[in-house]
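# fold the following for me, if possible:
(chains A and B)
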Amino acid sequence: MPRHLWVRIGIVLVVVLVSIWYLFPPRKTINLGLDLQGGIHLVLGVDIDKYVEHQAERAAEDLKNGLERKGVGVKRVAREGLSGVVVELANPSTWNDALTVAAEFGTFEVTQRDDKAGRFVMTMRDRRVSELRDDAVRQGVETIRNRIDQFGVAEATITRQGGDRILIQLPGVQDPDRAKALIGRTALLEFKLLDEQTPLEQAQAGRLPETSEILYQVQVDRQTKTERKVPYVVQKRTLLTGAELTRAEVQADPNSTGNWQVAIEFTATGTRIFGEITEQNVGKRLAIILDGILKSAPRINERIPGGRAVITGQFTVDEAKDLAIVLRAGALPAPVSILEERRVGPSLGADSIRQGMIAIAASAIAVVVFMLLYYRLSGFIADVALVLNLLILLATMAALGATLTLPGIAGIALTIGMAVDTNILIFERIREELKVGKTARSAIEAGFTRALRTIIDTHLTVIVTAFILYNFGTGPVKGFAVTLLAGLTASLFTAYFFTRLLFDVIYMGRRKVATISI
Amino acid sequence: MIELFKQPNYNFIGRRKWAYIVSILFTLIALGSLVVRGLHYDLDFTGGTLVQVRFEKPPTVAQIRAGLSRIKLGESIIQQFGDPREYIIRMPLTSSSSEALTQQVTGALRQESELGPFEIRRIEFVGPQVGKELQWQAIQAVLYGLVGILLYIALRFDLKGGVAAVVAVFHDVLVCLGAISLTGREFSLPVLAALLTIIGFSVNDTIVAYDRLRENRSKFVPRGKSFAEQMNDAVNQTLSRTVLTSLTVFLSAAILLFFGGKTLEDFAFVLFVGVITGTYSTTYVAAALVVDWTQYVEGRLRRRKKAVAKA
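Numbers count the residues shown, from 1 in each chain, chains lettered A, B, ... in the order given. Next up, the predicted model:
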């Protein structure tokens, strides 16, 4: 055999070995999509503007404090619109001082000014706004990943999708409802003082000071499963948040049996602030608020120096565990909402795999038998090429870490039908060349050479559409596009290069070839 | 050796006028069905909630509906899904979360004692925003697919070929959509994937025929053969390949349709129809249009020459 044949045989062997290496062991190397193994797929929308608003509010608060420190009296400092802060001075003569303070806020610029009325508006710079939006999603992804890690889901994927979305895939999760609740809650823990000056009746009648608001505590009666909402008047100012936590552990509630509580421990800063709060407000009630719901409002009996506190509130053990997880993982920077949810039970996934395998097997048998009958030995060569094609297809998917979905399985079944197209093109061409009287060898030569251009064309067009599909598609459809792309690319190698090699080995080695089995 | 066609020499192009009538007829039927019956969009595009339930013993739709009407969801669409014990329930978008909705559904079905035990096998919730986006993306994907094909063929061959191929593919897409509409199937994301595959597949045959035409013309200047005859030769020469390939893909699609399970059924159906119309349209839409277009251009050139000669 000539040397170039050995080189080509070597290439094929390397490809086969590499493919097998990537595929071994198959259970570990092929990622199954959620539609096949069961699990939950979530797309969350992050309310990124809420985060920007929140930051603007904080800036307004800082600005107000800054002005007061400088002795500039203010009538009003408040957020306006998405990212503006409006300032109304008590006395327009302090205008210059006020602007000096405002200039310290580098991420803002003064967009409206009225020095006679002593009113100006600062607006966050656009670059900062987009930075914040970006942060909101990035931190959201981080936080959710933390929570999932602590909850314990193997092979979870949490990725950012587009400008304001987070895609979460949790394969094989046992308790999807609980996982979902864990992911979706903001988990913003706040400590605020109760407003004990304003009687509840007056507050409910709408006469509420601007610095206070009504929050509710939800009490659940375990026997009747009814919920009762208890209103409280709470000061709006947040004294401390869950951002200053270091630990959160579940404990049995010593005061009420069957209920659980979460013990928390603050950071050094948190401990100092908590100490100050408790010292300055002995005798008052401190509200512990989670996501806008008041959990408890114990009275401060004395200064608490150690930086430890307990959150109670009729928790079951699972509720307390999940609360501890979300407190440890931190709050989401902005609220999220579920835009899309797909949940597949494991039994359905198993059914899909079974049906998909049957379809692939049936498709393969039908095509293999057809090729054998129609082209005989050449058909057999094409069949071997087809097997190699499937091997490379699966190996490519394993190597790329691509996911096999139900439409992906359909893509494989379809690839079987399409991959032999290349061989059909070549074989028909060889037959034609034989008919016009060419010798076996030159017919093979001409068949392969002349068909090549067409083969490249047909592959490229399907690859173009598969590529578009990949870019537009979501989840399962992407899986289909991936198998189609991998299968077609592999078929260029197997149906052309590999079949050609087999033909050469069989027919070119001999001196004289009278007939071709085609 | 087995041969499907021995020296095929059918007069495809000569009968193209009839084919045009057939194509237009099919397109009109498809369009008519799309207008009158419309397309049922799947949850992916409309938004809403879907719950797939498997009961231990086959229930009736009425029993399920009775259960659901307890929670004022009696208007939901209830369909048997493959197995007689398996049903899907589709609920329109409501204000309550998918979780609350599923819990309500489970509770309501449990109360209906005749239904017996059941298992929730699948839950899908698509918000209104996502649905609208997916709709737009679907349209974009098909358009980009068509434009991609047009560009590819226009660059590889010529503009005439590209336009004719796109018209042919567009015809196939319309016929497939019409078939979905007529059979009351649903337009879902996998169906979209199948449509795009058909776009790629259908144009394949066209390219093979064009390639052959060009190859023939490059080898020798055919004397005494009109463009229509040359095209007819090219179609005939590639006929067995076209039919054989379509056959293998058709086999794969048919197997998916009959053995692939309910989830893949609509997807496989589109492939099934698409392979047939794709094969047909190669000759009778794409090739035929190129012939008529070329003849029209040649005719005009001839008339202009005559006019010049007279003057």
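# now the residue of the stretch 1-150 of chain A found nearest chain B. Nearest residue, chain neighbours left out?
Using Cβ to the nearest Cβ, the single residue of the stretch 1-150 of chain A nearest to chain B is A:Val43, 6.7 Å away. To be clear about C-beta, it is placed using only N, CA and C from the backbone, and glycine gets the same treatment. Once flanking residues are discounted, A:Val43 sits nearest to A:Glu340: 3.9 Å by Cβ to Cβ, 6 or more residues apart in numbering or on different chains.
# again, but for A:Ala98
Nearest residue to A:Ala98 in three dimensions, chain neighbours excluded: A:Val72, at 5.1 Å (Cβ to Cβ, 6+ apart).
# burial measure for the one you found, as a count.
Neighbour count for A:Val72, taken as other Cβ atoms under 10 Å in any protein chain shown: 22.
# helix, strand, or coil at it?
coil (DSSP: H, G, I helix; E, B strand; the rest coil).
# surely it is in contact with A:Val101?
Yes. Judged on Cβ atoms under 8 Å, A:Val72 makes contact with A:Val101 at a distance of 6.8 Å.
# need the contact list for the most centrally placed residue in chain B.
Chain B has B:Cys176 as the residue nearest its centroid, 3.6 Å off, counting by Cα atoms, centre = their mean. For B:Cys176, the contact set (Cβ atoms under 8 Å, 6 or more residues apart in numbering or on different chains) comprises B:194-195, B:198, B:270, B:273-274, B:277.
# beta partners for the residue of the stretch 1-150 of chain A closest to chain B?
Counting by DSSP bridges, A:Val43 is bridged to A:Leu167, A:Glu340.
# my guess is A:Thr465 meets B:Gly145, correct?
Yes. The criterion here is Cβ under 8 Å, and A:Thr465 meets it with B:Gly145 at 5.0 Å.
# need the overlap of contacts for those two.
Contacts common to A:Thr465 and B:Gly145, judged by Cβ under 8 Å, 6+ apart, are B:196, B:199-200.
# among those residues, which are in reach of chain A?
When Cβ under 8 Å from any Cβ of the partner chain is applied, the members of these adjacent to chain A are B:196, B:199-200.
# list only buried entries from these.
The neighbour count (16 or more other Cβ atoms under 10 Å in any protein chain shown) marks B:196, B:199-200 as buried among those.
# circling back to that earlier point, quick one, what contacts the residue of the stretch 1-150 of chain A closest to chain B?
Contacts of A:Val43 (Cβ under 8 Å, 6+ apart): A:161, A:165-168, A:338-341, B:130.
# and A:Met357, how far from chain B?
Separation of A:Met357 from chain B (Cβ to the nearest Cβ, to the nearest Å): 10 Å.
# try A:Arg429
8 Å.
# and that residue, how many neighbours?
Other residues close to A:Arg429 by other Cβ under 10 Å number 23.
# looking at it now. What's its pLDDT?
Predicted confidence (pLDDT) for A:Arg429: 91.
# picking that back up, wait, the residue nearest to A:Val43 touches B:Val126, no?
Yes. A:Glu340 is within contact range of B:Val126, at 5.2 Å (criterion: Cβ under 8 Å).
# give me every residue in the stretch 151-300 of chain A lying close to chain B.
A:177, A:180-181.
# out of these, which is nearest to A:Asp115?
A:Ala181 (52.3 Å; Cβ to Cβ).
# so where's the stretch 1-150 of chain A uncertain?
Residues of the stretch 1-150 of chain A that meet the criterion pLDDT under 70 lie in A:1-2, A:27.
# low pLDDT regions in the stretch 251-400 of chain A?
For the stretch 251-400 of chain A (pLDDT under 70), the answer is none.
# quick one, strands of it?
Using DSSP state E, counting those that start in this stretch, the strands of the stretch 251-400 of chain A run over residues A:260-266, A:286-290, A:293-296, A:308-315, A:336-344.
# output those strands as TSV; include the columns mean neighbour count.
Shown next, in TSV, are the strands of the stretch 251-400 of chain A (neighbours: other Cβ atoms under 10 Å in any protein chain shown):
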stretch	mean neighbour count
strand A:260-266	22
strand A:286-290	21
strand A:293-296	18
strand A:308-315	19
strand A:336-344	23
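# now render those strands as JSON lines, adding distance to A:Val12.
Listed next are these as JSON lines, based on distance: least, Cβ to Cβ, whole Å:
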{"stretch": "strand A:260-266", "distance to A:Val12": "62"}
{"stretch": "strand A:286-290", "distance to A:Val12": "63"}
{"stretch": "strand A:293-296", "distance to A:Val12": "66"}
{"stretch": "strand A:308-315", "distance to A:Val12": "63"}
{"stretch": "strand A:336-344", "distance to A:Val12": "39"}
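# that older thread, measure the residue nearest to the centre of chain B to B:Gly32 for me?
15 Å (Cβ to Cβ, to the nearest Å).
# now do A:Thr211
67 Å.
# which one of the residues in the stretch 51-200 of chain B is closest to chain A?
For the stretch 51-200 of chain B, Cβ to the nearest Cβ, closest residue to chain A: B:Gly200, 3.6 Å.
# for that residue, phi and psi?
phi -70, psi -40 (degrees, to the nearest 10).
# OK, contacts around it?
Counting by Cβ under 8 Å, 6+ apart, B:Gly200 has contacts A:461-466, B:145, B:149.
# near chain B, which residues of the stretch 1-150 of chain A?
Proximity of the stretch 1-150 of chain A to chain B is confined to A:35, A:43, A:45 under the rule Cβ under 8 Å from any Cβ.
# what do you get if the cut-off is 10 Å, keeping everything else the same?
Taking Cβ under 10 Å from any Cβ of the partner chain as the measure of proximity, the stretch 1-150 of chain A contacts chain B at A:35, A:38, A:40-43, A:45.
# now for these, which pair is the farthest apart?
A:Gly38 and A:Gly45 (24.7 Å).
# overlap in contacts of A:Val72 and A:Val101?
Here A:Val72 and A:Val101 share the contacting residues A:64, A:66, A:87, A:94, scored by Cβ atoms under 10 Å, 6 or more residues apart in numbering or on different chains.
# would you map the helices across the stretch 151-300 of chain A?
For the stretch 151-300 of chain A, the helices defined by DSSP state H, counting those that start in this stretch occupy A:176-184, A:200-204, A:268-280.
# can you tell me which of the ones you listed is most buried?
helix A:176-184 (a mean of 19; mean count of other Cβ atoms under 10 Å in any protein chain shown).
# many thanks, I have nothing further to ask.
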